[in-house]
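Asks: turn this into a structure:
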Amino acid sequence: MKSIGCITFHASHNYGSCLQAYALQEFIKENFPDIDYKILNFRSDLQKRYYDIFPHRSTFKHKLAILLHYPQLRKKFLLFEEFINTYLNVTAEFSEEKCREEDFGCDLYIAGGDQPWNIRCKDFFWIYYLPFVKKARKISYAVSLGPKQLEFNEIEHNLIHDYVEQFDSLSLREQGSIQQLKKIINRPMLVHMDPVLLLSKEKWMKLVGERPYKRKYLVLYILDYDKEAYNLAGKLAKYLGLKVIITKPALKQDYFGHYKNRFATGPLEFLNYIYHSDLVVSTSFHGCVFASLFERPLVTINSCKDNRRTQFLQRYGLESCECTGLEEREIIDRVTHLDFAKFKEQVQADRKESWAYLSREIQEVGL
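Replies: The predicted structure is shown next:
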């Protein structure tokens with residue numbers, strides 16, 4: 001049986017990272033059932049420390065929050081590990097040192113999606129550029145260099161150039177990433193949709209369970225503490241009579257007002273909360289993607305600081321979800337009755353382009 005090996009941020013304890021890895025896996029398995037698809041299970045010590053229950057170099061405030069919610073956070077950790085080991089077809093775990101000597105025997109290698117080429121990610125390693133693949137065909141799919149324009153020193157510039165030059169085809173997730181990479185190497189590059197969007201709403205719903213919270217609620221999903229987003233979620237909750245579901249500790253918000261902590265939330269539980277929500281407030285790219293996919297009212301702010309969100313909203317006709325500086329009533333008027341017709345039409349078109357690209361690359365190696 002022919003095989004494909006994919007390297008991505010599959011083991012980051014981040015909802016979007018895990019779920020996009022699952023999505024690309026399932027899309028290829030469904031459309032190319034005779035192929036053995038596996039995720040290269042690279043898990044660095046740095047990544048493990050970063051996503052540990054007590055992350056390396058945590059601040060005193062962060063450690064205090066962890067201690068206050070340890071049982072829930074431990075369960076969250078275990079839920080992520082269960083998802084990775086149950087839903088992802090991963091190889092045996094390996095380190096960077098072992099990879100230099102490892103022969104995975106794949107006919108085609110894929111780097112992507114998500115941000116494995118963002119060298120400023122805290123768990124970045126050069127291995128995500130697949131330098132160990134010398135003979136087999138290798139491509140990228142919807143890979144991202146991150147939300148901001150990066151400055152590279154000479155060593156970084158040269159390494160990126162040399163590694164990217166070895167790829168047979170290049171697919172990136174957004175124009176912003178192409179603009180960055182074009183400054184380093186002049187190669188043909190295509191834009192393709194995030195892997196999450198490769199799967200239909202109906203396929204994602206197969207992972208969704210019963211409504212997780214009886215009262216009406218909004219989900220606040222942000223990657224790092226954002227006072228503006230927290231305050232906005234609180235105001236919207238008060239205005240609409242909703243509770244605010246949060247999945248990360250923030251101390252005072254964990255106990256007061258409209259906020260309800262749900263820290264024991266793994267990837268599947270995250271899908272459940274988003275799908276059943278009455279509103280989503282998110283500054284996360286994948287938070288915006290899943291809210292749109294499930295056709296939930298979406299509020300995001302300060303997307304001008306993140307080219308991923310900006311380009312996503314523009315491409316799929318969801319610019320009205322950007323609500324920076326607006327009052328509660330105006331926000332609700334903008335997002336309560338969102339028209340997802342353009343979103344669904346564009347997703348269908350982009351999905352066909354992604355299928356054509358992957359199909360062509362798979363056929364190139366006789367799979």
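Asks: rounded mean pLDDT for stretch 144-162, please.
Replies: In this model, stretch 144-162 carries a mean pLDDT of 93.
Asks: just give the number of residues close to Ile362.
Replies: 21 (other Cβ atoms under 10 Å). All C-beta spots, glycine's among them, are computed from the backbone N, C-alpha and C.
Asks: over to the one 3 residues further on?
Replies: For Val365, the tally of surrounding residues (other Cβ under 10 Å) stands at 15.
Asks: what sits closest to Ser95 if chain neighbours are left out?
Replies: Ser44 (6.9 Å; Cβ to Cβ, 6 or more residues apart in numbering).
Asks: what's the neighbour count on the one you found?
Replies: 16.
Asks: so where's the stretch 251-367 of the chain shaky on pLDDT?
Replies: Scanning the stretch 251-367 of the chain with the threshold set as pLDDT under 70 gives 251-257.
Asks: all helices for it, in order.
Replies: Using DSSP state H, counting those that start in this stretch, the helices found in the stretch 251-367 of the chain span residues 267-276, 285-293, 307-315, 328-335, 341-364.
Asks: to Tyr239, which of those lies closest?
Replies: helix 328-335 (4.3 Å; Cβ to Cβ).
Asks: which helices and strands does that closest one pack with?
Replies: helix 227-240, strand 298-299 (3 or more Cβ pairs under 8 Å, 6 or more residues apart in numbering; DSSP states H and E).
Asks: residues touching the first one, excluding its own?
Replies: With Cβ atoms under 8 Å, 6 or more residues apart in numbering as the contact definition, helix 227-240 has outside contacts at 216, 218, 220, 222, 242-244, 250, 253, 257-259, 278-279, 281, 283, 299, 301-302, 323, 328-329, 331-332.
Asks: put the buried members of the residues you listed into a PyMOL selection.
Replies: Buried residues within those, by 16 or more other Cβ atoms under 10 Å, are selected in PyMOL with:
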select buried, resi 218+220+222+242+243+244+250+253+258+259+278+279+281+283+299+301+323+331+332
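Asks: Val191: neighbouring residues, count only.
Replies: 17.
Asks: so which residue is dead centre in this structure?
Replies: By Cα atoms, centre = their mean, the chain has its centre lying nearest to Gly16, at 2.8 Å.
Asks: mind listing what that residue touches?
Replies: Applying Cβ under 8 Å, 6+ apart, the residues contacting Gly16 are 114, 196, 284-287, 289.
Asks: closest one to Arg309 out of those residues, please.
Replies: Phe285 (5.5 Å).
Asks: would you agree that closest one is in contact with Asp306?
Replies: Yes - here Phe285 reaches Asp306: they are 6.9 Å apart, a contact under Cβ atoms under 8 Å.
Asks: any shared contact partners between those two?
Replies: With Cβ under 8 Å, 6+ apart as the test, Phe285 and Asp306 both reach Pro147.
Asks: have a look at these two and say which one is more surrounded.
Replies: Ranked by neighbour count (other Cβ under 10 Å), Phe285 and Asp306 place Phe285 first, with 26 against 19.
Asks: hang on, the earlier thing: closest one to Phe27 among the helices of the stretch 251-367 of the chain?
Replies: Phe27 lies closest to helix 341-364 among those, at 7.9 Å (Cβ to Cβ).
Asks: distance from that closest one to the middle of the chain?
Replies: Mean-position distance between helix 341-364 and its chain equals 19 Å (Cα atoms, centre = their mean, to the nearest Å).
Asks: can I get the CA coordinates of that helix in PDB?
Replies: This file holds the C-alpha atoms of helix 341-364, laid out as PDB (Å, rounded to 0.1, in the frame of the first residue of the first chain):
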ATOM      1  CA  ALA A 341     -24.700  32.000   1.800                       C
ATOM      2  CA  LYS A 342     -21.400  33.400   0.400                       C
ATOM      3  CA  PHE A 343     -19.400  31.500   3.100                       C
ATOM      4  CA  LYS A 344     -20.900  28.200   2.000                       C
ATOM      5  CA  GLU A 345     -20.600  29.000  -1.700                       C
ATOM      6  CA  GLN A 346     -16.900  30.000  -1.400                       C
ATOM      7  CA  VAL A 347     -16.100  27.000   0.900                       C
ATOM      8  CA  GLN A 348     -17.500  24.700  -1.800                       C
ATOM      9  CA  ALA A 349     -15.400  26.300  -4.500                       C
ATOM     10  CA  ASP A 350     -12.200  26.300  -2.300                       C
ATOM     11  CA  ARG A 351     -12.800  22.700  -1.300                       C
ATOM     12  CA  LYS A 352     -12.800  21.700  -5.000                       C
ATOM     13  CA  GLU A 353      -9.500  23.500  -5.500                       C
ATOM     14  CA  SER A 354      -7.900  21.800  -2.600                       C
ATOM     15  CA  TRP A 355      -9.100  18.400  -3.800                       C
ATOM     16  CA  ALA A 356      -7.600  19.100  -7.200                       C
ATOM     17  CA  TYR A 357      -4.300  20.100  -5.800                       C
ATOM     18  CA  LEU A 358      -4.000  17.100  -3.500                       C
ATOM     19  CA  SER A 359      -5.200  14.800  -6.100                       C
ATOM     20  CA  ARG A 360      -2.700  16.000  -8.600                       C
ATOM     21  CA  GLU A 361       0.200  15.700  -6.100                       C
ATOM     22  CA  ILE A 362      -0.900  12.200  -5.100                       C
ATOM     23  CA  GLN A 363      -1.100  11.100  -8.700                       C
ATOM     24  CA  GLU A 364       2.400  12.500  -9.300                       C
END
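Asks: perfect, that will be all.
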